[in-house]
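Student: Based on what follows, work out the 3D shape:
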Amino acid sequence: MKKRSIAALTAALVVAPLLATGVPGQPAVAAGSGPTFPRGVDLDTVTIPELQERMSHGALTSSELTRSYLRRIKAVDPKIHAVLRTSPTALRQAAASDVRHRLGRARGPLDGIPVLLKDNVNTRDMPTTAGSTALAGSPPDTDADLVAKLRAAGAVILGKTNLSEWANFRAAKPTSGWSAVGGQTNNPYVLDRNPCGSSSGSAAALAASLAQVAIGTETDGSIVCPAGMNGVVGHKPSLGLVSRSGVVPISAEQDTAGPMARNVVDTAITLSVLNGDDAARALALTDAATRPGGLRGKRIGLWRLPSLGTGTDALMTRTAARLRAAGAEVVEVTPPYQDRLAELEFPALLSEFHRDIDAYLATRNGPRDLARLVEFNRTHPAERTCFAGQELFEQALVAPPTTDPGHRAARAELKDLSRRSIDETMAAHDLDAIASPANPPAWTTDCGRGDNDVIPSSTPAAVAGYPSLSVPAGFVGELPVGLLLMAGDHQDAELLSLGAAVEQRLDAWRAPRYLPSVPSDTLR
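Tutor: Presented below is the predicted three-dimensional model:
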């Protein structure tokens, strides 16, 4: 077909959705009427392969899918405040995908699939704020590399999600899910409970079925804890598997973006696109989740972490029993060196944050370095409406530079001990993965108190740069708890395959009920 014909068809598909809402004889779909839409697809449970199958046969269009998610956002998001903004071009993107599907030129499994982005990922056509009014002006000049990959794959960039401001690296006692730009994101299961952070909006939006997939970012726990606490899947990839370019940083030594979804299959497919420079790896990632093996003969080390509460520990006992019943061998383990990792990590991050945030701010309009950002917060009351502190910013300003020999020695020790904590544990017990609780039941959100989030399970893989994956394990009362799986360096495909098998066995996902509150004594 000639370019002019393609353009005409695209224009027709863009205009058609705007006219279709009042077509005589067609039943209207009320906003908030439920997770289904006219073609009978359940947004809560449908997977990307199922959507692509429908689109390839003309039984569904990306425009229909995108409009359905936009209606869900309008109807449901006022309860949870997960989505900061939707893209004004979302329907045009969807219409272009419909053209490609009609012509048999779909670009792959994400073509036409609506994706939400955490608002610390640069987009040239929408603001990127990291939750701060300091960056709420003009958008960045260019997309982040990962956004360029999503666009090239035909994904519909649906909008941006709220986050813990500056990815929870501002105050000593922050409140996860709060930002000056977006306010407080609520946990969809129980609205006065916290969504964890910092990828709070991405996880909550997925739990509420406001997009098919979302992108989060993690330095230590910021993908896997929100995923667990909101009952969805989150994958922290091996360091370097996904480009960090154009993502608001904390530390290049630990930062990574990663995919989040309601199931492991969609998570793996999205990661395969984010890692699109390596076609063989992308294919392996997708195959790992779409054709998972069984659990028989798999050896999993359970790191119990009873400090996360008796309800969580009891759930881990039940989880281990279910995995054993499916043929897995589950042995209890305690990875070594955790106290030393906790001692070294935070000071190292302070130095690296100062270096990396200065480099990022120099590319944006607004405060051009950390010192000027600190002054901005002091003079803008909106930045202090939930918590006033910016102690981490102030400590980073006086931290040793990353060229300091003491910092270099600390980072080298961190890398060595974190990797050994996983490698030695897996070798000693001949494990396929280490498992632990990703989170306790969500605590009550309280700006005055801040978070109650001493959750050590994410640290070994985060500091080592190894992959980790949170899948729904079950509930303590009304609140979800995730099972965190971690494995060795660049074992992402193997971890996703195991995660898909665990997900099938546990079958723990259920839709949220948006309860206003629950008594704390029901969560023990």
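
Student: Helices along the stretch 51-200 of the chain, start to end?
Tutor: For the stretch 51-200 of the chain, the helices defined by DSSP state H, counting those that start in this stretch occupy 62-80, 90-102, 145-152, 200-207.

Student: what inclination does the third one have with respect to helix 90-102?
Tutor: To tie it back to what came earlier, the one meant is helix 145-152. Interaxial angle of helix 145-152 relative to helix 90-102 (axes from the mean of the first three to the mean of the last three Cα atoms, to 10 degrees): 50 degrees.

Student: The last one now?
Tutor: Between the axis of helix 200-207 and that of helix 90-102 there is an angle of 50 degrees, by the same axes, to 10 degrees.

Student: returning to what we had before: same list, the helices of the stretch 51-200 of the chain, but as TSV with mean neighbour count please.
Tutor: Glycine gets a C-beta too; all of them are placed from N, C-alpha and C. Listed next are those as TSV, based on neighbours: other Cβ atoms under 10 Å:
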stretch	mean neighbour count
helix 62-80	21
helix 90-102	22
helix 145-152	21
helix 200-207	34
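
Student: Let's have the ones you listed in a markdown table, adding mean pLDDT and distance to residue 117.
Tutor: Formatted as a markdown table, the helices of the stretch 51-200 of the chain follow (pLDDT from 0 to 100; distance: least, Cβ to Cβ, whole Å):
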| stretch | mean pLDDT | distance to residue 117 |
| --- | --- | --- |
| helix 62-80 | 97 | 14 |
| helix 90-102 | 98 | 12 |
| helix 145-152 | 98 | 7 |
| helix 200-207 | 98 | 8 |
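
Student: and residue 52, how many neighbours?
Tutor: 20 (other Cβ atoms under 10 Å).

Student: what pLDDT does it get?
Tutor: Per-residue pLDDT puts residue 52 at 96.

Student: Would you confirm that it contacts residue 109?
Tutor: Yes: counting by Cβ atoms under 8 Å, residue 109 is a contact partner of residue 52 at 5.8 Å.

Student: could you say which helix or strand contains the closest residue to residue 274 other than its chain neighbours?
Tutor: Closest residue to residue 274 apart from its sequence neighbours, by Cβ to Cβ, 6 or more residues apart in numbering: residue 242 at 4.6 Å. Using DSSP states H and E, residue 242 falls within no helix or strand.

Student: how near is residue 242 to residue 255?
Tutor: 10 Å (Cβ to Cβ, to the nearest Å).

Student: where exactly do the strands run in this structure?
Tutor: 83-86, 114-118, 156-161, 178-179, 183-184, 213-218, 233-236, 256-261, 299-302, 329-332, 433-437, 468-476, 479-486 (DSSP state E).

Student: Can you name every helix or strand that the first one contacts?
Tutor: Packed against strand 83-86, as judged by 3 or more Cβ pairs under 8 Å, 6 or more residues apart in numbering; DSSP states H and E, are the following elements: helix 62-80, strand 156-161, helix 200-207.

Student: make it 10 Å
Tutor: helix 62-80, strand 114-118, strand 156-161, helix 200-207 (3 or more Cβ pairs under 10 Å, 6 or more residues apart in numbering; DSSP states H and E).

Student: can you count the residues close to residue 132?
Tutor: Neighbour count for residue 132, taken as other Cβ under 10 Å: 24.

Student: quick one, what contacts it?
Tutor: Applying Cβ atoms under 10 Å, 6 or more residues apart in numbering to residue 132 gives the contacts 119-120, 165-166, 170, 179-181, 248, 366-367, 373, 376-377, 380, 382-383.

Student: for residue 162, same thing?
Tutor: 77, 80-85, 118-119, 129, 131, 177-179, 181-185, 195, 197-202, 204-205.

Student: surely residue 270 meets residue 115?
Tutor: Yes: judged on Cβ atoms under 10 Å, residue 270 makes contact with residue 115 at a distance of 7.5 Å.

Student: Spit out the residues that contact the two alike.
Tutor: Counting by Cβ under 10 Å, 6+ apart, the common neighbours of residue 270 and residue 115 are 150, 153, 155, 212-215, 259, 261.

Student: what's the nearest residue to residue 112 if we skip its chain neighbours?
Tutor: Nearest one to residue 112, counting by Cβ to Cβ, 6+ apart, is residue 62 at 3.1 Å.

Student: surely the one you found meets residue 91?
Tutor: Yes: counting by Cβ under 10 Å, residue 91 is a contact partner of residue 62 at 9.3 Å.

Student: Residue 397 is nearest to which of the helices of the stretch 51-200 of the chain?
Tutor: Distance to residue 397, taken as Cβ to Cβ, is lowest for helix 200-207 among these, at 26.3 Å.

Student: Return that closest one as CSV; C-alpha atoms alone will do.
Tutor: Extracted C-alpha coordinates of helix 200-207, given in CSV (Å, rounded to 0.1, in the frame of the first residue of the first chain):
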residue,chain,number,x,y,z
SER,A,200,4.0,3.0,43.8
GLY,A,201,1.8,4.3,41.0
SER,A,202,2.9,1.7,38.5
ALA,A,203,2.0,-1.1,40.9
ALA,A,204,-1.3,0.3,42.1
ALA,A,205,-2.4,1.1,38.5
LEU,A,206,-1.8,-2.5,37.5
ALA,A,207,-3.6,-3.9,40.5
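
Student: how distant is it from the center of its chain?
Tutor: The chain centre lies 8 Å from the centre of helix 200-207; the measure is Cα atoms, centre = their mean, to the nearest Å.

Student: Now distance to residue 67 too, for the strands of the chain, in JSON lines please.
Tutor: Shown next, in JSON lines, are these (distance: least, Cβ to Cβ, whole Å):
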{"stretch": "strand 83-86", "distance to residue 67": "11"}
{"stretch": "strand 114-118", "distance to residue 67": "10"}
{"stretch": "strand 156-161", "distance to residue 67": "11"}
{"stretch": "strand 178-179", "distance to residue 67": "28"}
{"stretch": "strand 183-184", "distance to residue 67": "26"}
{"stretch": "strand 213-218", "distance to residue 67": "17"}
{"stretch": "strand 233-236", "distance to residue 67": "25"}
{"stretch": "strand 256-261", "distance to residue 67": "20"}
{"stretch": "strand 299-302", "distance to residue 67": "42"}
{"stretch": "strand 329-332", "distance to residue 67": "45"}
{"stretch": "strand 433-437", "distance to residue 67": "38"}
{"stretch": "strand 468-476", "distance to residue 67": "28"}
{"stretch": "strand 479-486", "distance to residue 67": "29"}
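
Student: ok, and which of these has the densest surroundings?
Tutor: strand 233-236 (a mean of 33; mean count of other Cβ atoms under 10 Å).

Student: can you tell me which residues contact residue 515?
Tutor: So residue 515 contacts 187-193, 478-479 (Cβ under 10 Å, 6+ apart).

Student: Which among those count as buried?
Tutor: Neighbour counting by 16 or more other Cβ atoms under 10 Å classes 187-191, 193, 478-479 among these as buried.

Student: and the helices and strands packed on strand 83-86 as a markdown table, adding distance to residue 424?
Tutor: Listed next are the helices and strands packed on strand 83-86 as a markdown table, based on distance: least, Cβ to Cβ, whole Å:
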| stretch | distance to residue 424 |
| --- | --- |
| helix 62-80 | 41 |
| strand 114-118 | 33 |
| strand 156-161 | 37 |
| helix 200-207 | 31 |
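
Student: Kind regards, and thank you for your time.
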